[in-house]
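K.L.:
okay, predicted coordinates and the sequence, questions at the end:
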Amino acid sequence: MQKLFDEVNSLDKRCYSDFYLSEDILMEHAANGMAQHIQKNFNKKSTIIIVCGSGNNGADGLALSRLLHPDFNVRIYYAKAPKSKMAILQNKRTKSVGVKECSELFECDIVVDALVGTGFSGEFSDELEKLMKQINSLNAFKIACDIPSGINPHGVCAKETFQADVSLTMGALKKSMFLDEAKEFIGKIEVLNLGISRDLYETSSNWHLLDLDDLQLPFRDKKNSHKGSYGHLAVASGQKSGASVISALAALRFGAGLVTLVGYEDEKSLNIPHSLMYSHGVPKNITALACGMGLGDAFSDLELQNFLDNDLPTVVDADIFHMPIISDILKREKLVITPHPKEFISLLKALNIANISITELQKNRFKYCEEFCLLYPHVILLLKGVNVIIGHKDSFFINPHGTSALAKAGSGDVLSGLIASLLAQGFEPIDATINASLAHTTLSCKHLGADFTLTPDDLIDNIKML
Ligand SMILES: NC(=O)C1=CN([C@@H]2O[C@H](COP(=O)(O)OP(=O)(O)OC[C@H]3O[C@@H](n4cnc5c(N)ncnc54)[C@H](O)[C@@H]3O)[C@@H](O)[C@H]2O)[C@H](O)CC1
Ligand SMILES: [K+]
């Protein structure tokens, strides 16, 4: 796990006050980190254009040019004249060693975006939008200095945002890099050291980025065990029974000892996979519930109340968010909810937390997750998206590892099944949610076929590859 920060200015200032470092020292390390990345990955004499802005992001770029010159063919493109104190100083240094500038962009091996970083606000002028479009059209390898120009804490605010292949970010990870719309532009991320260890540079944070190697799988260490040792999950079988079957099969494959579909149909009329059981009503030895996937109006109010009439760990998804019973369900102690953005805005409205559009939510995902979890601290929230957010009390986690291969009907049903499986096996709800989400995104990364071919059956099948 890695810490995430809203801003790093306060971390910089702490370096000056507590560690007797200076803006110049931090910047020299930032530039040196970028230079080392380029020296390690590109041949000397590669041609590099560094597009510099007027602030310290531009200053980083100017310092970088000095470090690479003359081993690399470096050209400075001044998008804006140096204005900040450091930019002016770095420019003097750059000129003193003879780094050349260019007034036009041209095809090169590497282009570095040092136009704006965390100081970007508002939108780009037409002139800068045009410049950014030209930069993005270059075939060069694209490196963002700190953060792609055009992204700010409220999202991607430029029509033309720098399309980074890699973002070399200074000191610590910024939350704005993990807004859903930033995923298109951020590329691979490397955090650069600023003159002290990252652990010392960073302070505490209640937001963390999940790494794939945080995944803990339900390995079976006990030798003396039987299927009941691994839980018994009940999945409400709804109108669209396929959704609940997908969840149930995912749960079984992910280690639940037994999985029963609970419904009120004639079992013979359903094509239930032989590895699943079917029951009218919740069986006795159930250890967790899953409800909502494909539910429709298959259950009467009484049948739904009976299904939920216990204090079992439960994951709810999909249709349940549009049912009045959701406000009762939110009182359950061990509860995981997994809405996608549309379901989440419907829930926020039903709970009188906020009446917002999808656009407003997507630009402020962090804020609305914090607002919900403040009001429902016992509930585990998993807000789906290209960067999944998991919230519990005042702790928040972002899983950025999903791929567009998951954008397929049934992927969410698999996720609910994975969460329910770990709940049934005794994982704490927050751990079940984090590990199921990591497993889910790992499965999408491990898919051997083309990304457009991934189906829920592939996901379930790939569980054995975890
Ligand atoms: N620990 C760290 O993160 C370190 C970061 N460093 C670098 O410093 C920049 C932040 O520098 P700052 O001067 O605050 O802002 P920027 O250079 O990002 O941008 C401000 C600059 O840009 C102009 N600007 C702002 N908005 C717009 C807009 N909409 N259109 C056009 N121009 C805009 C504004 O006028 C200013 O001139 C950070 O990203 C890092 O790269 C330190 O070097 C080391 C420590
Ligand atoms: K930048």
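P.N.:
Here it is on my side, so go on. Ligands and ions are numbered 1, 2, ... in the order given.
K.L.:
just the pLDDT at Gly296, thanks.
P.N.:
On pLDDT, Gly296 comes in at 88.
K.L.:
His322: neighbour count?
P.N.:
Neighbour count for His322, taken as other Cβ atoms under 10 Å: 13. Every residue, glycine included, has its C-beta placed from N, CA and C.
K.L.:
could you do Asn43 as well?
P.N.:
9.
K.L.:
how close does it get to ligand 2?
P.N.:
Distance of Asn43 to ligand 2, computed by Cβ to the ion, to the nearest Å: 24 Å.
K.L.:
which positions in the protein make contact with ligand 1?
P.N.:
8, 12, 26-27, 30, 53-60, 83-84, 116-124, 128, 145-146, 170-171, 194 (Cβ under 6 Å from any ligand atom).
K.L.:
5 Å instead, please
P.N.:
Contact residues, the chain versus ligand 1 (Cβ under 5 Å from any ligand atom): 8, 12, 26-27, 30, 53-57, 60, 84, 116-122, 146, 170-171.
K.L.:
pull out the buried members of these.
P.N.:
For these, a burial check counting by 16 or more other Cβ atoms under 10 Å picks out 8, 12, 26-27, 30, 53-57, 60, 84, 116-118, 120, 146, 170-171.
K.L.:
which of these are close to ligand 2?
P.N.:
Gly117 (Cβ under 5 Å from the ion).
K.L.:
inside strands: which ones of the buried ones among the residues of the chain next to ligand 1?
P.N.:
In strands, defined here by DSSP state E, the members of those are Met170.
K.L.:
the buried ones among the residues of the chain next to ligand 1 in helices, which ones?
P.N.:
Applying DSSP state H to these, the entries found in helices are Asp12, Leu26, Met27, Ala30, Asn56, Asn57, Asp60.
K.L.:
correct me, but the fifth one touches Val116?
P.N.:
No. With contacts counted by Cβ atoms under 8 Å, Asn56 stays clear of Val116, the gap being 9.8 Å.
K.L.:
end-to-end on stretch 366-383?
P.N.:
Start and end residues of stretch 366-383 are separated by 10 Å (Cα to Cα, to the nearest Å).
K.L.:
what sits closest to whichever residue of the stretch 251-400 of the chain sits closest to ligand 1 if chain neighbours are left out?
P.N.:
Closest residue of the stretch 251-400 of the chain to ligand 1, Cβ to the nearest ligand atom: Lys363 (16.4 Å). Nearest residue to Lys363 in three dimensions, chain neighbours excluded: Gly155, at 4.6 Å (Cβ to Cβ, 6 or more residues apart in numbering).
K.L.:
same question, Lys393
P.N.:
Pro377 is the one closest to Lys393 (Cβ to Cβ, 6+ apart), at 4.6 Å.
K.L.:
list the residues that contact the one you found.
P.N.:
For Pro377, the contact set (Cβ atoms under 8 Å, 6 or more residues apart in numbering) comprises His392, Lys393, Asp394.
K.L.:
quick check: phi and psi on the last one?
P.N.:
When read as degrees, to the nearest 10, the backbone of Asp394 gives phi -110, psi 20.
K.L.:
next, the spatially closest residue to it that is not a sequence neighbour: phi, psi?
P.N.:
With sequence-adjacent residues excluded and distances taken as Cβ to Cβ, 6+ apart, Asp394 is closest to Asn206, at 5.2 Å. Asn206 adopts backbone torsions of phi -100, psi 10, taken as degrees, to the nearest 10.
K.L.:
also the one 3 residues further on?
P.N.:
Note on Leu209: backbone dihedrals following degrees, to the nearest 10 are phi -100, psi 130.
K.L.:
show me what it is bridged to.
P.N.:
Gln2, Ile398 (DSSP bridges).
K.L.:
surely it meets Leu4?
P.N.:
Yes. Using Cβ under 8 Å, Leu209 is in contact with Leu4, at 5.5 Å.
K.L.:
now for those two: what residues contact both?
P.N.:
By Cβ under 8 Å, 6+ apart, the residues touching both Leu209 and Leu4 are Leu173, Phe178, Ile398.
K.L.:
from ligand 1, how far out is the second one?
P.N.:
If you measure Phe178 against ligand 1 using Cβ to the nearest ligand atom, to the nearest Å, the figure is 16 Å.
K.L.:
quick one: the strands in the stretch 101-250 of the chain?
P.N.:
Per DSSP state E, counting those that start in this stretch, the stretch 101-250 of the chain carries strands over the ranges 110-114, 141-145, 151-152, 155-156, 166-170, 173-174, 188-192, 207-209, 232-236.
K.L.:
of all those, which one comes closest to Met323?
P.N.:
strand 232-236 (11.7 Å; Cβ to Cβ).
K.L.:
what does the closest one contact?
P.N.:
So strand 232-236 is in contact with 244, 247-248, 251, 256-263, 279, 282-283, 285-293, 295, 298-299, 304, 307, 417, 420-421, 423-424, going by Cβ under 8 Å, 6+ apart.
K.L.:
looks like His57 contacts Val116 (just checking).
P.N.:
His isn't right for residue 57; it's Asn. Yes. Contact criterion Cβ under 8 Å: Asn57 and Val116 qualify, at 5.4 Å.
K.L.:
quick one: common contacting residues for those two?
P.N.:
Ser149.
K.L.:
pull the helix or strand with minimum mean pLDDT from the protein.
P.N.:
Taking mean pLDDT, DSSP states H and E as the measure, the helices and strands of the chain show their lowest mean at strand 155-156, namely a mean of 71.
K.L.:
elements contacting that strand?
P.N.:
The contact analysis (3 or more Cβ pairs under 8 Å, 6 or more residues apart in numbering; DSSP states H and E) places strand 155-156 against no helix or strand.
K.L.:
which neighbours does it have in its sheet, and in what orientation?
P.N.:
strand 151-152 (antiparallel).
K.L.:
where in the chain is pLDDT low?
P.N.:
154 (pLDDT under 70).
K.L.:
ok now do Asp113, which residues does it touch?
P.N.:
Shown in contact with Asp113 (Cβ under 8 Å, 6+ apart): Val51, Ile135, Lys142, Ile143, Ala144, Cys145, Pro148, Ser149, Phe162, Ala164.
K.L.:
and the nearest residue to it once chain neighbours are set aside, what does it touch?
P.N.:
Excluding the flanking residues, the one nearest Asp113 by Cβ to Cβ, 6+ apart is Phe162, at 4.3 Å. By Cβ under 8 Å, 6+ apart, the residues touching Phe162 are Asp113, Leu115, Met132, Ile135, Asn136, Lys142, Ala144, Pro148, Ser149, Gly150, Phe185.
K.L.:
surely the residue nearest to Lys363 and Glu184 touch.
P.N.:
No. The criterion here is Cβ under 8 Å, and Gly155 misses it with Glu184 at 11.4 Å.
K.L.:
and the two? Which one has more around it.
P.N.:
For Gly155 versus Glu184, neighbours defined as other Cβ under 10 Å are more numerous around Gly155 (19 against 13).
K.L.:
how near is that one to ligand 2?
P.N.:
16 Å.
K.L.:
which residues in the stretch 201-350 of the chain form helices?
P.N.:
Using DSSP state H, counting those that start in this stretch, the helices of the stretch 201-350 of the chain run over 241-253, 301-307, 326-329, 341-350.
K.L.:
between the ones you listed, which one is closest to ligand 2.
P.N.:
Closest approach to ligand 2 among the helices of the stretch 201-350 of the chain (Cβ to the ion): helix 341-350, 27.9 Å.
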